[in-house]
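Student: Show me how the following folds:
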Amino acid sequence: MYPGAYDPARTAVVSADGTRTLTYGQLEERSLRLADHLRAAGLRRGDHLALLCDNDPRAMEVYWAAMRSGLYLTAVNHHLTAEEAAYIVRDCGAGALIVAGLLAELGARVTELAGGPQLVLGLDDGSYDKALEAASAVPPERQPLGTDMLYSSGTTGRPKGIEPALPEGDVRDGPTTYTVVFQAMYGFGEDTVYLCPAPIYHAAPLRFCGVVTALGGTVVLMESFDAEAALAAVQRHRVTHSQWVPTMFVRMLKLPAEVRERYDLSSMKVAIHAAAPCPIEVKRRMMEWWGPVLYEYYSSTEGNGITFISPQEWLRKPGSVGRDGFLGTLRICDEEGRVLPPGETGTVYFERDEPSFRYHKDETRTREAQHPEHPNWTTTGDIGHVDEDGYLFLTDRKAFMIISGGVNVYPQEAEDVLVLHPAVADVAVVGVPDPEMGEAVKAVVQVEPGVEPGPGLERELIAFARDRLAHYKAPRSVDFTASLPRTPTGKLAKSRLRDAYRNG
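Tutor: Predicted coordinates for the structure are as follows:
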């Protein structure tokens, strides 16, 4: 299950507008050539390859070059600032960095700030194609399996690399865990046409594109999400499978009825959604429109476990994210680590035969993710309960993490920036309900004595944060308060502040 196993003329990846196409023959040859070039540059099994790229079909060449070279692939969010992206490239120890043409300026700055890596290839400056032309397309005797190592911000605001165990075996040996699990759940195969409307630097889009191309299907890449354009892509390419976050559902539902009814969506068999809780009413309306094709799963970038729920099950258990059975056994535990019975709320753990991941160069965080008595039980900090039938319901999320449009935002990063503004005496950042994004980022600010709060200062603080952070991490609004709730020891009682907004 790798690109060379399929008809070379078959389309492996195509842009949604149809202007860029990559066949399986091209994907096989070009990934082999890139793998050869990386080996010649000294990269070996267990080394790291960074990718700074938009939704360009050639990203899958880089993906498969890593998968057949025993490398860790780190896809970097190109909406980060140069400083944030450089930290990731430096922290993962990337031996090579591949940069898309539109991101060349960012890539140059990242390379400078990261102090390397030694090998940098541009997809559109000629260096990438030149490297491939000079490399060999002859498959080597050994092609060790690689995997991804992606970064997810922690509650302290410092990104952490999620490092899975490097798989054993050869890329030609057979199916991997992801292909086995998702083929069984969703029926992926050579007749699959999979629409990817989300950026492939995120875990789920990247991994699903990998699964589809491992199984001989066709990936349709949207450059960026647009509600009507997504419907047009489904019709144009006769999409059979797709993946979404709830914010996308909200935006499509807000289209005028005549626009929604303009497109033929009858080819859609499976519409997968995850990344953030989906409001029950939104999901009901989507199923009324698309039919019972919405399949949900709950997992994480850490990949420590997974639950699934079919549309039929969800209609019986609205609000649930499903049951375990494929990757690990659910365990709901209290603060002391004791297993709780059905109906009681606690921390969500997945039990595996052995720990499934560690945080790169951070044993403290790795231990914190493990059960106090069972290191093979791991958690990402989510809170929930299971019912008598074993269905999981999430009742809270990681500490104070904000999920806005399906993207994780950790408040500490914005707090650390805003507190440096001369007008700010104290600040807290929380997620507030938002009908489109699920949650919106809000800053609550106590100003310095003599400073006049108001709309002008609000605009100034938002601009100050956006100049220093990726824009989705910056607050969309600012409220001013006389004081923030802190304990006698000085600890911010953020839960009280957050709950006040959630309760209106």
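Student: just the strands in the stretch 201-350 of the chain please.
Tutor: 218-221, 241-244, 270-273, 294-298, 306-309, 323-327, 329-333, 346-351 (DSSP state E, counting those that start in this stretch).
Student: And the residue of the chain most remote from its centre, which helix or strand is it part of?
Tutor: Distance from the centre of the chain peaks at G450, with 43.0 Å (Cα atoms, centre = their mean). Here G450 is covered by no helix or strand, with elements defined by DSSP states H and E.
Student: i'd like the first residue to be 352 from this point on
Tutor: All set: I'll call the first residue 352, so the last point we hit is now G801.
Student: backbone phi and psi for A626, please?
Tutor: In this entry, A626 is assigned phi and psi values of phi 80, psi -30 (degrees, to the nearest 10).
Student: What count of nearby residues applies to R361?
Tutor: 15 (other Cβ atoms under 10 Å). Using the backbone N, CA and C atoms, a C-beta is placed for each residue, glycine as well.
Student: What of H722?
Tutor: 18.
Student: can you pull out the helices in the stretch 402-551 of the chain?
Tutor: 410-418, 433-443, 455-465, 478-485, 528-537 (DSSP state H, counting those that start in this stretch).
Student: Check the stretch 652-801 of the chain too.
Tutor: Ranges of helices in the stretch 652-801 of the chain, per DSSP H, counting those that start in this stretch, are 662-667, 714-719, 762-769.
Student: buried set for the helix ranked longest in the chain?
Tutor: Assignment by DSSP state H gives helix 375-391 as the longest helix of the chain. By neighbour count on 16 or more other Cβ atoms under 10 Å, the buried set for helix 375-391 is 375-390.
Student: quick revisit: let me see the backbone angles for the residue farthest from the centre of the chain.
Tutor: Per degrees, to the nearest 10, the backbone of G801 is at phi 90, psi -10.
Student: Give me the distance between it and Y710.
Tutor: Applying Cβ to Cβ, to the nearest Å, the value for G801 to Y710 is 43 Å.
Student: thinking again about what came up before, could you give the mean pLDDT of the longest helix of the chain?
Tutor: Mean pLDDT, helix 375-391: 98.
Student: quick one: it to helix 410-418, angle?
Tutor: Angle of helix 375-391 versus helix 410-418, following axes from the mean of the first three to the mean of the last three Cα atoms, to 10 degrees, is 50 degrees.
Student: thought G452 was touching G473?
Tutor: Yes. Here G452 lies in contact with G473, judged by Cβ atoms under 8 Å, at a distance of 6.4 Å.
Student: More neighbours: which of the two?
Tutor: In terms of neighbours (other Cβ under 10 Å), G473 is the more surrounded of G452 and G473; the figures are 19 against 14.
Student: who's the more buried one bridged to?
Tutor: Using DSSP bridges, the beta-bridge partners of G473 come out as V450.
Student: Would you check how far apart it and C560 are?
Tutor: Separation of G473 from C560 (Cβ to Cβ): 22 Å.
Student: Next: R493.
Tutor: Distance from R493 to C560, by Cβ to Cβ: 25 Å.
Student: Of the two, give the one with the bigger neighbour count.
Tutor: Using other Cβ under 10 Å, the more surrounded residue of R493 and C560 is C560, with 25 against 12.
Student: burial count for the residue nearest to that one when sequence neighbours are not counted?
Tutor: Once flanking residues are discounted, C560 sits nearest to V570: 4.9 Å by Cβ to Cβ, 6 or more residues apart in numbering. V570 has 27 neighbouring residues, counting by other Cβ under 10 Å.
Student: Return the residues in contact with V795.
Tutor: By Cβ atoms under 8 Å, 6 or more residues apart in numbering, the contact set of V795 is V778, A779, V780, V781, V829, D830, F831, T832, L835, L848.
Student: coming back round to it: just put the helices of the stretch 652-801 of the chain in CSV and tack on mean neighbour count.
Tutor: Shown next, in CSV, are the helices of the stretch 652-801 of the chain (neighbours: other Cβ atoms under 10 Å):
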stretch, mean neighbour count
helix 662-667, 15
helix 714-719, 12
helix 762-769, 22
